[in-house]
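Trainee: please work out how this folds:
(one chain, ligands or ions: 1)
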Amino acid sequence: MLDSSIILVLNGPNLNMLGVREPDIYGRETLADIEIACREHASGRGYDIDFRQSNSEGELVGWIQEGRGKFAGVAINAAAYTHTSVALLDALSLLDVPVIEVHLSNVFARESFRHHSYISSVATGVICGFGSTSYLLALNAIIAIREKNEN
Ligand code: DQA
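Mentor: The predicted model follows:
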């Protein structure tokens, strides 16, 4: 297995507005708060985090392409692009490390257009509905898969 202890955490459009964006759905924590929580959670387990956000689909695709061979795994909250993006699906298909699809909200309890994800079919697993804890659960999943494969 790839010898990297860095986990890439990717965030899609409008997640830079967390804290003020529909707090009843997404909570009051900012993306910076979530980044800090991810870093602390990962560092206690011997991992570093590369945490990024973009409103641009193309930039996210570029980061996934550049990430090939560099990361222990990828946690991705593609936000609205989850429900629209064949380009992200194709980019994620290039990876051979655990990919965990993350959502703060329980997308299945919301509008029907959020029930379909283009990226679930190439994700190792999907975690949604736990607020910011969804990110920490995704990190746990990547680390657990990695440690299982090392033994
Ligand atoms: C989201 C759910 C998506 O449907 C939505 O477009 C988002 C955030 C979530 O984290 O719950 O922007 O990915």
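
Trainee: could you use CA atoms for every contact and neighbour count after this?
Mentor: OK.

Trainee: for the longest helix anywhere in the chain, buried residues please.
Mentor: Taking DSSP state H as the criterion, the chain has its longest helix at helix 133-150. Neighbour-count burial for helix 133-150 flags 133-139, 141-143, 145-146 (criterion: 16 or more other CA atoms under 10 Å).

Trainee: now the helices for the protein?
Mentor: 23-26, 31-43, 57-66, 86-92, 133-150.

Trainee: quick one: low-confidence residue ranges for this structure.
Mentor: Applying pLDDT under 70 to the chain flags the ranges 1-2, 151.

Trainee: the ligand contacts on that one?
Mentor: 77-80, 103-105, 107, 114 (CA under 6 Å from any ligand atom).

Trainee: can you redo the residues you listed as CSV with neighbour count?
Mentor: Shown next, in CSV, are the residues of the chain next to the ligand (neighbours: other CA atoms under 10 Å):
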residue, neighbour count
77, 25
78, 28
79, 20
80, 15
103, 25
104, 19
105, 18
107, 16
114, 16
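
Trainee: residue 137 versus the closest residue to residue 20 other than its chain neighbours, what's the distance?
Mentor: If the residues on either side of it in the chain are set aside, residue 20 comes closest to residue 28, at 6.8 Å by CA to CA, 6 or more residues apart in numbering. Note on residue 28: its distance to residue 137, by CA to CA, to the nearest Å, is 19 Å.
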